[in-house]
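A.B. asks: Based on what follows, work out the 3D shape:
(2 chains)
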Amino acid sequence: MAPLTAEQKEQNGSLLIILMLLCSIGALLLFDHGVFSKLHPNVVALWKLRHLPEHRIGDRFEGPAILRGTLETTDTERQTPAGNPSVVYYAWVEDHYRSGRSTTVRVICNIGEDEQLVFRQGTSTLPFELFHHDEHIALVKKDGWLESLPMQRVAIDLGRVTEWTTVPPSMKERCKDGLYQRGTLYYKEARITSSQPMVVVACQQDGVLRSCPPGSVVPGILALGSLDRVLQVFAELPLNWLRGPALLLVIVMGYLCSALLKYSGGDS
Amino acid sequence: MLASWLDLILGFVVWWVGFHFFARAHRRRQLRKRSQARDIAALLVLWFSAALITAGLAIVLGSMSLTWVVR
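C.D. replies: Have a look, this model is predicted:
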């Protein structure tokens, strides 16, 4: 192959600079989107969420409020597929398999019971229907230190997720589509019992604790003990919108600035 | 806990890369000014590096403000 002429080298340099310039503009726009469309509204929403009023059963309120108490079920005694007693539980089976150099995780079956609930504060109770009307719910799984959740979901934090490498027989029976594994199967479950203290963010309608209508700071939260963990995963979302574009920005702009200085005569 | 240490490292790297190019471009502009030559490339680098410095600061400040809000 013939060596490049000086003119061709100059053309290649110009093309590289134009390409880097376009990438840099794209990365800058992405970063601006992260700051103005994600970070700012989320900071405001988290501030409002942090300062929601706390109410008790019997108080007259409609808008989103914080309530502390316990959850019970009017149903017969519930058990997770692993046989643990619970009021609310979610259980799922993950398939961890190698895909090229990385490990891919896919959820191949999930079940849960979260119906017929009652919220209790001392001797007072209130029907609890936080996720009964096709709300989008999201469980805090705590399986990654950059785990994030959008604030438009009903966030559920049931505390520690327990994990087994053998799938309980009752879970196998309930996974109708079968457990077609490609790697190692893990059974995981998150559950709460009736004695555990819960924190709820919800709205009150017709004497029932429900999810809040669109436009509220959050549709609802059910958390074990405190809201701290849920707030942290909410806060990770806008930060991830800054971290990704910033990394892209530093790579493409580093190349662009370096190429611009190099092809226009170096440091002198 | 939010990954604040990660944001500090990332913010510092972005800020340092921006500052490095800002210093280089500024020095070159000073040199070329003496010989009264125009230097559009250095001017562009100055602006881009200023954007990088701002991005680095935005990450650190964003992370700090969110950590403070959810503390």
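A.B. asks: Against A:Ser264, how distant is the closest residue to chain A within chain B?
C.D. replies: Residue nearest to chain A within chain B (CB to the nearest CB): B:Ala41, separated by 3.6 Å. (C-beta placed from N, C-alpha, C; glycine too.) Distance check for B:Ala41 against A:Ser264: by CB to CB, to the nearest Å, it reads 4 Å.
A.B. asks: between these two, who's got more neighbours?
C.D. replies: B:Ala41 (21 against 17; other CB atoms under 10 Å in any protein chain shown).
A.B. asks: List phi and psi for the residue in the stretch 151-268 of chain A positioned nearest to chain B.
C.D. replies: Relative to chain B, the nearest point of the stretch 151-268 of chain A is A:Ser264 (3.6 Å; CB to the nearest CB). The phi and psi values for A:Ser264, taken as degrees, to the nearest 10, are phi -120, psi 30.
A.B. asks: Could you do A:Asn240 as well?
C.D. replies: The phi/psi pair for A:Asn240 (degrees, to the nearest 10) is phi -60, psi -30.
A.B. asks: swap in A:His96?
C.D. replies: Per degrees, to the nearest 10, the backbone of A:His96 is at phi -100, psi 110.
A.B. asks: how far away is A:Gly58 from A:Thr125?
C.D. replies: 11 Å.
A.B. asks: Equivalent analysis for A:Gly26, please.
C.D. replies: A:Gly26 is 55 Å from A:Thr125, by CB to CB.
A.B. asks: Would you agree A:Cys175 is in contact with A:Cys109?
C.D. replies: Yes: contact status for A:Cys175 versus A:Cys109: in contact at 3.7 Å, counting by CB atoms under 8 Å.
A.B. asks: Tell me which of the two has more neighbours.
C.D. replies: Between A:Cys175 and A:Cys109, A:Cys109 has the larger neighbour count (other CB under 10 Å), namely 21 against 18.
A.B. asks: what residue ranges in chain B score low on pLDDT?
C.D. replies: B:1-3 (pLDDT under 70).
A.B. asks: Go again with 90.
C.D. replies: B:1-6, B:29-44, B:62, B:65-71 (pLDDT under 90).
A.B. asks: residue nearest the centroid of it?
C.D. replies: B:Ile53 (1.7 Å; CA atoms, centre = their mean).
A.B. asks: That one should be in a helix, yeah?
C.D. replies: Yes: with DSSP: H, G, I helix; E, B strand; the rest coil as the criterion, B:Ile53 is located in a helix.
A.B. asks: so it makes contact with B:Val13?
C.D. replies: No: counting by CB under 8 Å, B:Ile53 stays clear of B:Val13, with 11.8 Å between them.
A.B. asks: quick one on the thing from earlier: relative to B:Gln30, how far out is the residue of the stretch 151-268 of chain A closest to chain B?
C.D. replies: Taking CB to CB, one finds A:Ser264 at 15 Å from B:Gln30.
A.B. asks: same question, A:Asn84
C.D. replies: Look at A:Asn84 and B:Gln30: by CB to CB, they are 71 Å apart.
A.B. asks: Looking at those two, which has the bigger crowd around it?
C.D. replies: The neighbour count for A:Asn84 versus B:Gln30, taken as other CB under 10 Å, is higher for A:Asn84 (14 against 11).
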